[in-house]
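Enquirer: only geometry, no sequence info:
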């Protein structure tokens with residue numbers, strides 16, 4: 001099993017961060033990483049079952065969302081190698097937003113999958129670091 005974990009502290013209240021990132025269909029907070037979001041189907045971005053295609057290649061489905069605990073999880077159903085459906089299976093990403101004990105908000109982004117560990121780790125880790133960096137720049 002492969003997995004990755006990244007985190008960042010954003011100097012904003014947790015509710016503001018959650019409100020900015022919790023809509024699965026809205027990634028305007030990541031303009032340097034996400035160049036396009038195609039909404040697939042009619043399920044709203046705050047409901048389980050919402051589907052999106054990022055940058056024309058990453059097909060993802062919202063699996064769980066809990067506004068009270070400020071968390072959501074999603075699957076990557078297909079994408080480019082090394083995370084294509086032929087390379088990995090059971091890919092689950094999770095984002096958690098919580099008040100940081102030292103001030104601001106801690107955002108944790110983790111993922112796990114089966115098969116093809118090392119190439120998928122390097123690929124995903126870099127993308128999630130870039131997403132978190134964009135989030136911080138957009139929200140602070």
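Expert: That came through, no problem. What you see is a predicted model; the values in this text were computed from it and never measured.

Enquirer: longest helix in this protein, by residue count?
Expert: The longest helix of the chain (DSSP state H) is helix 117-139.

Enquirer: helices and strands around that one, which ones?
Expert: Applying 3 or more CB pairs under 8 Å, 6 or more residues apart in numbering; DSSP states H and E, we find helix 117-139 packed against strand 2-10, helix 14-21, strand 105-114. C-beta coordinates here come from the backbone N, C-alpha and C atoms, glycine included.

Enquirer: Specify the stretch among those that is closest to residue 30.
Expert: Each of the helices and strands packed on helix 117-139 has some distance to residue 30 by CB to CB; the shortest is helix 14-21, at 8.8 Å.

Enquirer: Name the next helix or strand downstream of that closest one, please.
Expert: strand 37-40 (DSSP states H and E).

Enquirer: What strands flank that next one, and is each parallel or antiparallel?
Expert: Counting by DSSP bridges, the strands paired with strand 37-40 are strand 51-54 (antiparallel).

Enquirer: Appreciated, that's everything.
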